[in-house]
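[1] need coordinates for the below:
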Amino acid sequence: MSAWIITIGDEILSGRVINWNAYWIAKRLSSMGIKVEKIICIPDDVDIIEKTIREGIKSNITYIFTTGGLGPTPGDVTLEGISKATGRRLELNKKALKYIRARYLELKNLGLVDRSDVDQSRLKMAYTPEGADVVYNDVGVAPGVVITVGSTTIFALPGVPSEAMYLFEKIVPRIRRGAQLEVIEDFIDASDESLIAGILARIRNIYPDVNIKTYPVGFGQRRMKILAIGHSRERILEAIEMLKKSIHDP
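    All right, here's what the predicted structure looks like:
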């Protein structure tokens, strides 16, 4: 299973905001056995969003995650770009409208906003590509949007990290239903990746179905992290055991 993470926002490209969403989502997906093939940062531009989404669909990526551009302002154009890329027109999503009304009423009762009515700018957040599902946003307002095109499912999440993370966790059950890979993390006593490169190459030849990699814990430390991914837990454990034995008895 594969994934692209597309962070959308001029504020990220200008360096005013750290791209925390990409890091966090990539880490969560990897822990679930989903291979992140690309992390892309693009501006709030409908044509660029359309082109990037269309490329992901054409590449048969299993999941495309976008963050940013779901709000009420004219510059929030993510769903318009997704609409053009998928060939599905934007339409008023009654479920999204229900969610937005309920959320603004909650915020009004909490004293966090002055009014709860859904005016034209707020109504904008209720327009989604036809056939899309939405996920209630308990942290912000703009709902998450889910749309499937062929073999690709697109998850559009808000750009505020707390909202993106929260909504990601809400859609995890949808992702796990398709995940079929095992992910195992371990550690080895070694301090230099170059010294075990040959061992890793040999293990990959013996276990071509296991993607095994090592990562330094910290410079000068005699410990490295192992991340191994595959379809068979037994095969992964065998590959890790061979790595450990080979280091001690090359």
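
[2] domain ranges for the chain, per the record?
    2-176, 182-248 (automatic domain parsing).

[3] so which of these is the most packed in?
    domain 2-176 (a mean of 18; mean count of other Cβ atoms under 10 Å). For every residue, glycine as well, the C-beta is placed using N, CA and C.

[4] just the strands in the chain please.
    2-8, 35-42, 63-67, 90-92, 127-129, 133-135, 144-149, 152-157, 182-188, 210-216, 224-230 (DSSP state E).

[5] which stretch in the domains of the chain has the least confidence?
    Least confident of the domains of the chain, judged by mean pLDDT, is domain 182-248 with a mean of 79.

[6] can you redo the strands of the chain as TSV with distance to Val118?
    Output for the strands of the chain, formatted as TSV (distance: least, Cβ to Cβ, whole Å):
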stretch	distance to Val118
strand 2-8	24
strand 35-42	29
strand 63-67	24
strand 90-92	11
strand 127-129	12
strand 133-135	15
strand 144-149	17
strand 152-157	20
strand 182-188	42
strand 210-216	47
strand 224-230	45
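
[7] of those strands, which is nearest Lys98?
    Of all the strands of the chain, strand 133-135 sits nearest to Lys98, with 9.2 Å by Cβ to Cβ.

[8] by contact count, what packs against that closest one?
    Contact partners of strand 133-135 among helices and strands, from 3 or more Cβ pairs under 8 Å, 6 or more residues apart in numbering; DSSP states H and E: helix 94-109, strand 144-149, helix 161-176.

[9] show me the one of the ones you listed that comes nearest Lys51.
    strand 144-149 (15.1 Å).

[10] what residues does stretch 86-95 touch?
    Residues outside stretch 86-95 that contact it (Cβ atoms under 8 Å, 6 or more residues apart in numbering): 53, 57, 79-80, 83, 123, 126-134, 147, 149, 154.

[11] follow-up on the earlier one: figure out which of the strands of the chain is closest to Ile247.
    With distances scored as Cβ to Cβ, the stretch of these nearest to Ile247 is strand 182-188 (6.0 Å).

[12] and that closest one with strand 224-230, angle?
    On the basis of axes from the mean of the first three to the mean of the last three Cα atoms, to 10 degrees, strand 182-188 is oriented at 160 degrees to strand 224-230.
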